[in-house]
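> need coordinates for the following:
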Amino acid sequence: MTVWFITGASRGFGLEITREALSRGDSVVASARNPQAVLDAIPDAADRLLAVAMDVGDPAQITAAVDAAIARFGRIDALVNNAGRGLVGSVEETSDEEIRAIFDVNVFGLLAITRAVLPHMRSRGTGLVVNLSSVGGFVAWPGWGAYAATKFAVEALSEAMTHELAPLGIRSVAIEPGPFRTNFLDGSSLAFTRDVIEDYASTAGAARTWATDSNYGQQGDPLKAAKIIVDLADRQDLPERIQLGANAFEDVATKLARTARDQETWRTVSLSADFDG
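Reported below is the predicted structural model:
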């Protein structure tokens, strides 16, 4: 039986991962700013579900939530860093306030809860850290620069942890979903920059239009994604990152091919920067 600690568990991926883990007989600590929403969505989990109030930007709430998890279940086997927000707008349209707010949740919040959980995993010499990144953590598109910057940071942290934690018996993996049919494109999770510059109508403006028009029509199935993520608890052969959905897989493959072509084209220039001999 696996004990899961899932952030952002009141909706979207977090809620579906919680449901899937419970359906297998596992126990779940489901953290959310509104834990009652978790209990309302899953009213019959009995003693295997602990819903806790936790804002990833509040250190005291993080400490209290982890302490409650250990007091209730005695351990945390798997941490799912799922809590996150989105932001659409060109880089120039994005204010310092807006980009700091999204970094506070997507990056600094992830770091804070990870630092709180890892000592418990290290003491037992086992554990799993699942970092919900995005295909936008590997490929950045017009209008999604700030959001992608947070997920690129998640990718770097997760990749480093993969190699830092492996000798300690702990696995870490970044999950890169493409567009999934969750509520991520709702106003509760996704914001548009306040400033709008007409010169970016065909780039950032097109991204705003896509986000509005695509909501609840995305190709990815969140139930299938949840099953894949919960399956990871039994896998020892995890890579640094896993794409979810055809869109994510193809976008990453396209960028890898483009990067390989660029490396070959600029090979001579790149190698010429070293000292001679």
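> the nearest residue to Ala9 once chain neighbours are set aside and Ala64, how far apart?
What sits nearest to Ala9 in space, not counting adjacent residues and going by C-beta to C-beta, 6 or more residues apart in numbering, is Ala30, at 3.6 Å. Just so you know, the C-beta spots here come from the backbone N, C-alpha and C atoms, and that holds for glycine as well. Distance, Ala30 to Ala64, using C-beta to C-beta, to the nearest Å: 15 Å.
> helix, strand or coil for Ala149?
Secondary structure, DSSP: H, G, I helix; E, B strand; the rest coil: Ala149 is helix.
> residue contacts, it?
By C-beta atoms under 8 Å, 6 or more residues apart in numbering, the contact set of Ala149 is 99, 103, 140.
> lowest-confidence helix or strand of the chain?
helix 204-214 (a mean of 86; mean pLDDT, DSSP states H and E).
> show me what it is packed against.
Helix 204-214 sits against strand 86-88, strand 190-192, with contacts defined as 3 or more C-beta pairs under 8 Å, 6 or more residues apart in numbering; DSSP states H and E.
> how does it look with 10 Å?
Packing partners of helix 204-214 (3 or more C-beta pairs under 10 Å, 6 or more residues apart in numbering; DSSP states H and E): strand 86-88, helix 145-165, strand 190-192.
> which of these sits closest to Ala206?
Ranking the helices and strands packed on helix 204-214 by proximity to Ala206 (C-beta to C-beta) places strand 86-88 first, at 10.2 Å.
> how about the strands in the stretch 101-250 of the chain?
127-132, 170-177, 190-192, 241-244 (DSSP state E, counting those that start in this stretch).
> can you tell me which residues contact the residue nearest to Ala9?
Going by C-beta atoms under 10 Å, 6 or more residues apart in numbering, Ala30 touches 4-10, 14-15, 17-19, 21-22, 37-39, 41-42, 45, 49-52, 54, 65, 80.
> how about Leu190?
85-88, 147, 183-184, 208, 211-212, 215.
> gap between it and Arg241?
23 Å.
> residues contacting Gly74?
Taking C-beta under 10 Å, 6+ apart as the test, what Gly74 contacts is 3, 27, 120, 124.
> what about the closest residue to Leu244 other than its chain neighbours, how many residues nearby?
In this structure, Leu244 finds its nearest non-sequential neighbour in Pro177, 4.4 Å apart by C-beta to C-beta, 6+ apart. Using other C-beta atoms under 10 Å, Pro177 has 26 neighbouring residues.
> my read: Pro177 touches Val130, true?
No - between Pro177 and Val130 there is no contact under C-beta atoms under 10 Å: 11.8 Å.
> between those two, what contacts are shared?
229, 242.
> and the contacts of Ala30, which are buried?
For the contacts of Ala30, a neighbour count by 16 or more other C-beta atoms under 10 Å gives the buried set as 4-10, 14-15, 17-19, 21-22, 37-38, 41-42, 45, 49-52, 54, 65, 80.
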